[in-house]
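Undergrad: what's the 3D shape of this:
(one chain, ligands or ions: 1)
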Amino acid sequence: MDNFRKYREQNRRLWDEITPLHYEHPDYKVAEFLGGENIIYDLMLEEIGDVRGKDMLHLMCHFGLEPLSLARMGANVTGIDFSQEAIRYARSLAESAKLDARFIESDIYDSPLQCDALFDIVYSTIGVLCWLNDLDAWAGIIARFLKPGGFFYLLEDHPIALMVSDDWEEGDIYFHKEEPVEWPGSADYSDPSYKRKNSAFEWSWSIGDVISAVAGAGLRIDFYHEFPFALHKSRTDFEERDGKWWLPGKEDLIPLTFSLKATRVE
Ligand SMILES: C[S@@+](CC[C@H](N)C(=O)[O-])C[C@H]1O[C@@H](n2cnc3c(N)ncnc32)[C@H](O)[C@@H]1O
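TA: Predicted structure coming up:
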């Protein structure tokens, strides 16, 4: 058992707790999805291109809205997540929407034991890096799941955005530390009036850590982009414009989101 499994196990309990809350929350747009709307970041679609006929793996897929939207667009999708509740909701959502998709319940660090397929595109979106205690192992797993010529795509909150809070808190750090920061009973991002019963144990990773881990796994970095808007309302002072969240009066000062694409060349 690795030293950090105990923290990931606590995090898994938290995700089992909050998945039903997210499923019901209007921001997640389950009703719209069931009504035929695809719930997927436009920015991601612009950056990865046509997904029709592509074998795609969503690592840390939550309850499956994004992979199922991609399935509706013609991709062959697999989603992996360690939350039993997330996978249960994802499978039932696939059934309700009459979409074909494979969902695997697994800690990401155990996932190569649960799935031996290779994919054209492996991807993850918003809110994943903070749950990972070992980025080199993570990048190795991504490379292991890619077909030669396939690529990895990551769309994520920028670490700078996560540390700029109005009142500096102890966990607001940029550089990685081995031990996670515990956030006990914090408010949930989907509904700030909901106080979580389980703690979150989170790690910070710098942009250098992310790029070095991906390059270190033998992938060729195709691009690294930074954007001055967030893709979800992670701060109370954000203002929404065209589905994106901006810091009013500070629109061009700091990056709030980043994306990265990297290819398995051989
Ligand atoms: C913020 S959500 C993913 C965001 C996704 N873009 C969404 O909003 O639907 C993070 C997901 O990572 C999963 N997760 C966290 N740690 C994990 C781990 N070690 N292995 C697999 N899944 C994990 C959680 O269960 C959760 O579903």
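
Undergrad: For the residue in the stretch 101-250 of the chain positioned nearest to the ligand, report the pLDDT, please.
TA: Proximity to the ligand, evaluated over the stretch 101-250 of the chain using Cβ to the nearest ligand atom, is greatest for Gly127 at 2.9 Å. Bear in mind the C-beta positions are built from the backbone N, C-alpha and C, glycine included. At Gly127, the model reports a pLDDT of 96.

Undergrad: Please name the nearest non-neighbouring residue to it.
TA: Excluding its sequence neighbours, the residue lying closest to Gly127 (Cβ to Cβ, 6 or more residues apart in numbering) is Asp157, at 6.7 Å.

Undergrad: On the strand side of things, show who that neighbour bridges to.
TA: Thr257 (DSSP bridges).

Undergrad: ok, it touching Ile254?
TA: No: shown here, Asp157 and Ile254 do not form a contact pair, counting by Cβ atoms under 8 Å, at 12.0 Å.

Undergrad: Now do the shared contacts for these two.
TA: Among the neighbours of Asp157, none is also in contact with Ile254 (Cβ atoms under 8 Å, 6 or more residues apart in numbering).

Undergrad: Between those two, tell me which one has more neighbours.
TA: Asp157 (21 against 14; other Cβ atoms under 10 Å).

Undergrad: dump the residue contacts of the more buried one.
TA: Ile126, Gly127, Ala230, Ser234, Leu256, Thr257.

Undergrad: And the residues you listed, which two are furthest apart?
TA: For the contacts of Asp157, the farthest-apart pair by Cβ to Cβ is Gly127 and Leu256; their separation is 13.3 Å.

Undergrad: for the helix or strand bottoming out on mean pLDDT in the chain, the distance to its chain's centre please.
TA: Ranked by mean pLDDT, DSSP states H and E, the weakest helix or strand in the chain is helix 159-163, scoring a mean of 83. The chain centre lies 15 Å from the centre of helix 159-163; the measure is Cα atoms, centre = their mean, to the nearest Å.

Undergrad: Likewise for stretch 29-39?
TA: 19 Å.

Undergrad: hmm, who's touching that stretch?
TA: 23-24, 28, 65-66, 68-70, 72-73, 93, 96-97.
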